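Asker: Only the shape, not the letters, is given here:
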Ligand SMILES: [Zn+2]
C-alpha cells in the first residue's frame with residue numbers, strides 16, 4: 001500500500017549517529033537509503049526534507065573525554081568531523097545536520113520535558129535496578145541471570161538506586177496498539193511490525209527518563225541534579241531540527257509526514273517509546289518507521305578483531321561512490337540482512353553498470369555520431385513511430401509508475417531491478433531494430449533511423465532522471481553526454497513530471513564522453529585486492545595512531561600515493577624451499593627476482609607443501625628491512641590474503657595471472 005501523497009511533504013531521517021563511532025558500512029547504508037528516497041521525492045516534486053546528525057551526550061563520551069584530558073564538547077567537536085566528512089564523498093544530499101549539543105536542540109528537549117511534566121506524563125519517582133555503565137541501561141532482573149551481567153555486552157552490572165523521572169509509557173500501551181492496528185504500514189517490514197506489536201502486547205512499563213549518575217547531558221528543567229536520559233534526548237532531534245514548536249517553523253510543513261529509517265536493533269526506541277512521547281505531546285506519531293537489516297561480510301559478522309570491517313572511504317576510493325551506492329541498494333531486498341562481498345560488487349559493476357547501462361549509452365551515442373554527425377534528430381519524427389517504438393515508450397511509463405510504487409514501499413532493490421528492465425528493453429530494441437541496417441544509404445528512408453535514434457535517446461533521458469536518486473554523479477554524466485546540460489544544467493533540479501517521454505522537439509547535439517564504468521579486469525582486481533588486504537593486516541598499518549589520536553581514526557585514514565610508492569612490490573619466482581630445524585611453521589624460500597636472488601623466511605609451512613610452492617610466482621615486498629629468524633636473514637616479505645574458514649586460518653598467496661616475468665614491479 002502506498003502512503004505517498006504526490007505533491008505533499010516527505011520528511012526522512014536517519015538515526016543520529018553516535019559521534020565517537022568510526023563510520024562503517026552500517027552508517028553508509030542507512031544514509032544512502034535515505035538519500036535515494038529523498039532524491040526520488042524531490043525529483044517527483046514533493047517538498048522534501050532529509051535530516052541526519054550526531055548523538056553527542058552520555059556516559060561514554062564523558063569517559064572518553066576524561067581519558068583524553070578534554071572536555072566532552074571538545075571531544076565531540078573533534079570527532080564529529082569523522083562522520084561529517086563521509087557524507088559529501090557518498091553524495092549524501094541531507095538538508096540539515098543536527099548535533100544534540102546544539103542549543104537549538106537543547107531548548108526543544110527542555111520544552112518536551114517541561115510540557116510532559118506539566119501534563120503529568122512525566123513524574124518523579126525512585127529507580128532501583130541492575131545497571132550497565134557502558135550500555136547506559138538498566139536491565140530487569142529476569143534478563144541479568146545468576147551472574148548479574150549485562151544481556152547486551154556481557155559486562156558485570158552494578159546495583160544502582162537513584163531518584164528518577166519517569167515517563168508514563170504504561171498509559172500508552174492500548175493507544176499504541178490501536179494506532180498500529182489502524183496503520184499497518186507505520187512499521188515496516190512486516191516482521192518488525194509483528195515483533196513490535198507482540199512487545200507492546202507483552203506489557204509496557206514506565207520509562208526512566210532522567211539520570212543523576214552522569215553530568216554530560218541536558219539538565220532537567222528546574223532540577224539540574226538530573227540530566228535527560230540520552231535516548232529521550234536523542235529521539236527529540238527529529239522534532240528540534242525542524243524547529244518545533246516555533247510557529248511558522250519547518251515542522252509545520254514536514255512533521256505530518258515524518259519517516260524514520262533505522263537499523264533493526266533500535267526499532268523499539270522508534271516504534272514504541274518515541275510514538276508514545278509524541279502522542280503525549282499531542283503530535284502525530286511517525287508515518288513510518290522502517291528498519292533495515294544488517295550486513296555480514298563474506299558470510300561473517302563484521303568485527304574489528306577480525307579486521308573485516310568494510311570501510312566506506314576505501315570502497316569509494318576503489319569503486320567510486322556510485323558503484324558502492326548501487327551495490328548496497330541493489331544487492332539485498334531492503335529490510336533483509338545482506339552479505340557484503342567485494343567480489344559481488346565487482347561483478348555487479350561489470351554486468352549491470354559496464355555492460356547493461358554503459359553499452360546502451362555507448363551504442364546509442366556512437367550511432368548518433370556515426371549516422372547523424374552527433375546531431376540528434378528532431379522529436380517530431382516520433383509522431384510517425386511504429387508499434388515497436390511506441391511499445392518502448394509505453395514500457396517506460398509503466399516502469400516509472402512501478403518504481404514510484406516501490407519507492408513508496410521503500411523497496412529500493414526492487415525499484416532498481418525495475419529500472420534495469422528499462423535499460424534492458426533499450427538494448428533489446430537496438431538488436432531488434434538493427435539501426436546499422438537502416439543507416440545504409442539507399443536502404444529504407446532516413447526517417448526510420450531518426451525514429452529509432454530518438455527513441456533510444458528518450459530511453460536514456462528518462463533513465464538518467466530516474467537513476468539520479470540512486471547514482472547522482474553517473475546520472476549527471478549521462479545527462480551531459482545526451483546533450484541536455486544546455487537546457488537543464490543541473491539534473492538534480494529536474495522534476496520528472498515536467499520531463500516525460502517525447503518532451504521537446506529540438507534537435508540536440510550529443511556529446512559522447514568517457515565510458516561510464518570501465519570494465520573491471522578481474523585478474524588484476526584479485527591482485528589489487530590481495531595487496532589491499534595485506535595492507536590491512538594488524539601490524540601492516542603504515543602508521544600507528546599518534547598519542548592522543550582518536551583510537552580508531554588512523555586505521556581508516558587514507559594514504560597519499562607517495563606513501564604507496566614507497567613500497568617496492570615485485571613478482572618473484574620460488575626456486576627452492578627448505579625447512580628449518582625446530583621451526584615447524586617456517587620455510588626458507590629461495591626466490592628469483594629477475595635481477596637478483598634472495599632468501600625469505602616465511603611462516604606458511606602449515607599451509608603449503610614444498611612441492612606446491614616451487615615454481616610459483618608470488619608477490620614480494622622487497623624493500624622491507626631485513627630480519628633474522630632462527631639465525632637466518634630474511635630479505636623481504638611475501639604477500640598473502642588471510643581468512644578464517646570454520647574457525648581455521650586459511651591463506652592464499654598473492655600472485656599474478658599468466659606467465660609474468662619475475663622482477664616485474666607492482667604499481
Ligand atoms: Zn552492557
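Answerer: Cool, the structure landed. Source: prediction; values computed, not measured.
Asker: Point out where this protein drops to low pLDDT.
Answerer: Along the chain, segments meeting pLDDT under 70 span 1-8, 439-445, 537-559, 644-648.
Asker: Tell me how it divides into domains.
Answerer: Segmentation of the chain into domains, based on automatic domain parsing, reads 9-293, 341-509, 523-666.
Asker: who wins for proximity to the ion among those?
Answerer: Proximity to the ion (Cβ to the ion) singles out domain 9-293 among the domains of the chain, at 3.1 Å. Every C-beta, even on glycine, is put in place using the N, C-alpha and C of the backbone.
Asker: Columns mean neighbour count and distance to residue 304 on top of the domains of the chain, output as JSON lines?
Answerer: JSON lines is the format used below for these (neighbours: other Cβ atoms under 10 Å; distance: least, Cβ to Cβ, whole Å):
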{"stretch": "domain 9-293", "mean neighbour count": "19", "distance to residue 304": "9"}
{"stretch": "domain 341-509", "mean neighbour count": "18", "distance to residue 304": "18"}
{"stretch": "domain 523-666", "mean neighbour count": "15", "distance to residue 304": "8"}
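Asker: want to throw these into TSV with distance to the ion?
Answerer: Shown next, in TSV, are the domains of the chain (distance: least, Cβ to the ion, whole Å):
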stretch	distance to the ion
domain 9-293	3
domain 341-509	31
domain 523-666	19
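Asker: Tabulate the ones you listed (a markdown table), appending distance to residue 320.
Answerer: Compiled in a markdown table, these are given as follows (distance: least, Cβ to Cβ, whole Å):
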| stretch | distance to residue 320 |
| --- | --- |
| domain 9-293 | 10 |
| domain 341-509 | 8 |
| domain 523-666 | 14 |
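Asker: can I assume residue 149 is in contact with residue 156?
Answerer: Yes - using Cβ atoms under 8 Å, residue 149 is in contact with residue 156, at 5.7 Å.
Asker: beta partners for the residue nearest to residue 26 when sequence neighbours are not counted?
Answerer: Residue nearest to residue 26 in three dimensions, not counting chain neighbours: residue 263, with 6.4 Å by Cβ to Cβ, 6 or more residues apart in numbering. Residue 263 forms beta bridges with residue 292, as assigned by DSSP bridges.
Asker: check contacts around residue 263.
Answerer: Counting by Cβ atoms under 8 Å, 6 or more residues apart in numbering, residue 263 makes contact with 15, 26, 30, 291-292, 294.
Asker: Now do the contacts for residue 91.
Answerer: Residue 91 makes contact with 35, 321-322, 325, 472-473, according to Cβ under 8 Å, 6+ apart.
Asker: Swap in 6 Å and give it another go.
Answerer: 321, 472 (Cβ atoms under 6 Å, 6 or more residues apart in numbering).
Asker: Work out for me the element it sits within.
Answerer: Under the criterion DSSP states H and E, no helix or strand holds residue 91.
Asker: was I right about residue 501 contacting residue 395?
Answerer: No - here residue 501 lies out of contact with residue 395, judged by Cβ atoms under 6 Å, at a distance of 10.3 Å.
Asker: check contacts around the nearest residue to residue 166 once chain neighbours are set aside.
Answerer: Leaving aside its chain neighbours, residue 166 sits nearest to residue 206 (4.4 Å; criterion: Cβ to Cβ, 6+ apart). Neighbouring residues of residue 206 by Cβ under 6 Å, 6+ apart: 166, 168-170.
Asker: What of residue 122?
Answerer: Residue 122 touches 116, 165, 167, counting by Cβ under 6 Å, 6+ apart.
Asker: Not counting sequence-adjacent ones, nearest residue to it?
Answerer: residue 116 is the one closest to residue 122 (Cβ to Cβ, 6+ apart), at 4.2 Å.
Asker: helix/strand/coil for that neighbour?
Answerer: With DSSP: H, G, I helix; E, B strand; the rest coil as the basis, residue 116 sits in helix.
Asker: Could you find the closest non-adjacent residue to residue 416?
Answerer: Per Cβ to Cβ, 6+ apart, closest to residue 416 is residue 330, 4.6 Å.
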